[in-house]
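Undergrad: Here you go, sequence then predicted model.
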Amino acid sequence: MPRGFYAGDALEVAPRLLNKVLVRGGRSGRIVEVEAYRGSQDPASHAFRGPTRRNATMFGPPGRLYVYFTYGMHWCANAVCGPDGDAQAVLLRALAPLTGLDDMRIARRGGVSGRAVRDRDLISGPARLCQALGVDRADDGADLVRGDRGLRIVDDGTPPPEEPGVSGRVGVSQAGDLPWRFWVPGDPYVSGSTR
DNA sequence: CTTTGGATCGTCT
DNA sequence: GACGATCCAAAGG
C-alpha cells in the first residue's frame, strides 16, 4: 500500500486494513483482525506517556512496522499510522493463511518437542503471526511501503468488510471498553471466541 | 469443550 | 522490583 494509506488516524486505518494481505517472501496471509492504538490520546498505548527507546518507531513516519517484545517471550507487530511524530498504530492480531503454510508451521513448532500446529492456530493471535512470519526485534522499523525487510502489505482486490465486527480491545487493562478492535465477521481465523 | 497456572525477560518507575 | 497489547499444556466436564 502507498504511504498515504497509513497517514490517517489509526481508527480510520484499522478497519481499512481488514482483508489486505501481509506478505513476507513465500509466506502470506489475509489480515482478519486488528486493534487501533492512538498514542497520546490512548491510555492503553505504549506511547501514552511519551517517547521511549522501545516505542521510538511509533513516533516516526507512517507505514513502518512497530515490533515490541512482551510477556518475556512474545513479539507483536503494528502498522504505524498518523502523521510523522503522532504515535498511532494498528496492532495486527490475526491472519487467514494464504501461502507458505509449510514454512509457517516450521517457524511455529517449538524446539525439539515441537508438535503439529493446527491451521486454525497458525497465525490467529498477535504473537503467533509474528512467530509464523519470523518477525522479531530485527524488524522493528521495517518499511512496509518499500519492503526493505521483505515485509509488505498489499491489496489483492478484496475490499474491507462493509460492517466489520467491533469490540473492546483484548488484554488491555486501561480503556478496555473503547470499541477499537475490528475483525472480518464470520472469519474462522479471528483469534479468541469472538467472531 | 472450558478453566487455570506457568513460562520468562525487556522496559520503565 | 513489578508487570505486561500472550500462548500453551494440563486437568477437569
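TA: That came through, no problem.
Undergrad: Could I get the full set of helices for chain A?
TA: A:3-6, A:10-17, A:101-108, A:119-122, A:126-133 (DSSP state H).
Undergrad: Just say which of those helices is most tucked in.
TA: helix A:126-133 (a mean of 24; mean count of other CB atoms under 10 Å). Yep, even glycine has a C-beta here, placed from its N, CA and C like the rest.
Undergrad: Grab the nearest non-local neighbour of residue A:80.
TA: residue A:64 (4.8 Å; CB to CB, 6 or more residues apart in numbering).
Undergrad: burial of the one you found, as a residue count?
TA: 26 (other CB atoms under 10 Å).
Undergrad: go on, residue A:154?
TA: Neighbour number of residue A:154 under other CB under 10 Å is 13.
Undergrad: how near is it to DNA strand B?
TA: Residue A:154 sits 29 Å away from DNA strand B when distances are taken as CB to the nearest atom of the strand, to the nearest Å.
Undergrad: mind showing which ranges of chain A have poor pLDDT?
TA: Residues of chain A that meet the criterion pLDDT under 70 lie in A:110-116, A:195.
Undergrad: rerun that using 90 as the cut-off
TA: Confidence mapping of chain A against pLDDT under 90 gives the ranges A:109-119, A:172-177, A:191-195.
Undergrad: DNA strand C contacts on that one?
TA: With CB under 7 Å from any atom of the strand as the criterion, chain A meets DNA strand C at residues A:35, A:37, A:44-47, A:58, A:66, A:68, A:70-74, A:76, A:78, A:89, A:91, A:108, A:110, A:115, A:117, A:121, A:125-128, A:169-173, A:191.
Undergrad: Just to be sure, which of those residues are found in strands?
TA: A:35, A:37, A:66, A:68, A:70, A:74, A:76, A:78, A:89, A:91 (DSSP state E).
Undergrad: which of those tops the neighbour count?
TA: Among these, residue A:89 has the most neighbours (other CB under 10 Å), with 32 neighbours.
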